[in-house]
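Participant: pasted the sequence and its predicted model underneath.
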Amino acid sequence: MDLEKESQATDPATGLRAATALRRLAERVEATHVAAARRAGWSWEQIGAALGVTRQSVHAKYGKVEHHV
């Protein structure tokens, strides 16, 4: 799938599939780097600042995952 090309498609179905794929990719990239930051000793506040969100929101999203990894 060529996400860049498909994201610019005139067909809404193609564009929406590309948007979904991009969102899933972004979530995987974010989760990978949040986990790496935590392993490196970053605080939830530092991670939230890097993502442009509050520490509470990033902890709510990833805090429970941390305990299972």
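Facilitator: Cool, the structure landed.

Participant: per-residue pLDDT of the most centrally placed residue in the chain, please?
Facilitator: Centroid check for the chain by Cα atoms, centre = their mean gives E27 as the closest residue, at 2.7 Å. Per-residue confidence (pLDDT) for E27: 97.

Participant: any idea how far it lies from Y62?
Facilitator: 11 Å (Cβ to Cβ, to the nearest Å). Just so you know, the C-beta spots here come from the backbone N, C-alpha and C atoms, and that holds for glycine as well.

Participant: likewise A40?
Facilitator: From A40 to Y62 the distance is 14 Å (Cβ to Cβ).

Participant: ok, A49 next?
Facilitator: A49 is 15 Å from Y62, by Cβ to Cβ.

Participant: okay, the two: which has more neighbours?
Facilitator: Y62 (18 against 14; other Cβ atoms under 10 Å).

Participant: quick one, what contacts the more buried one?
Facilitator: A31, V34, A35, R38 (Cβ atoms under 8 Å, 6 or more residues apart in numbering).

Participant: give me the buried entries from these.
Facilitator: For the contacts of Y62, a neighbour count by 16 or more other Cβ atoms under 10 Å gives the buried set as V34, R38.

Participant: looking at the contacts of Y62, which is nearest S57?
Facilitator: Lowest distance from S57 to these (Cβ to Cβ) belongs to V34, with 11.7 Å.

Participant: ok, that closest one touching G48?
Facilitator: No: counting by Cβ atoms under 8 Å, V34 sits too far from G48 to count as a contact (9.8 Å).

Participant: what about the chain, any weak spots by pLDDT?
Facilitator: 1, 66-69 (pLDDT under 70).

Participant: mind listing the strands for it?
Facilitator: Ranges of strands in the chain, per DSSP state E: none exist.

Participant: ranges for the helices of it?
Facilitator: Using DSSP state H, the helices of the chain run over 3-7, 12-39, 44-51, 55-68.

Participant: so which of those helices is the most packed in?
Facilitator: Neighbour counts (mean count of other Cβ atoms under 10 Å) averaged over each of the helices of the chain peak at helix 44-51, with a mean of 16.

Participant: and the angle from it to helix 12-39?
Facilitator: 150 degrees (axes from the mean of the first three to the mean of the last three Cα atoms, to 10 degrees).
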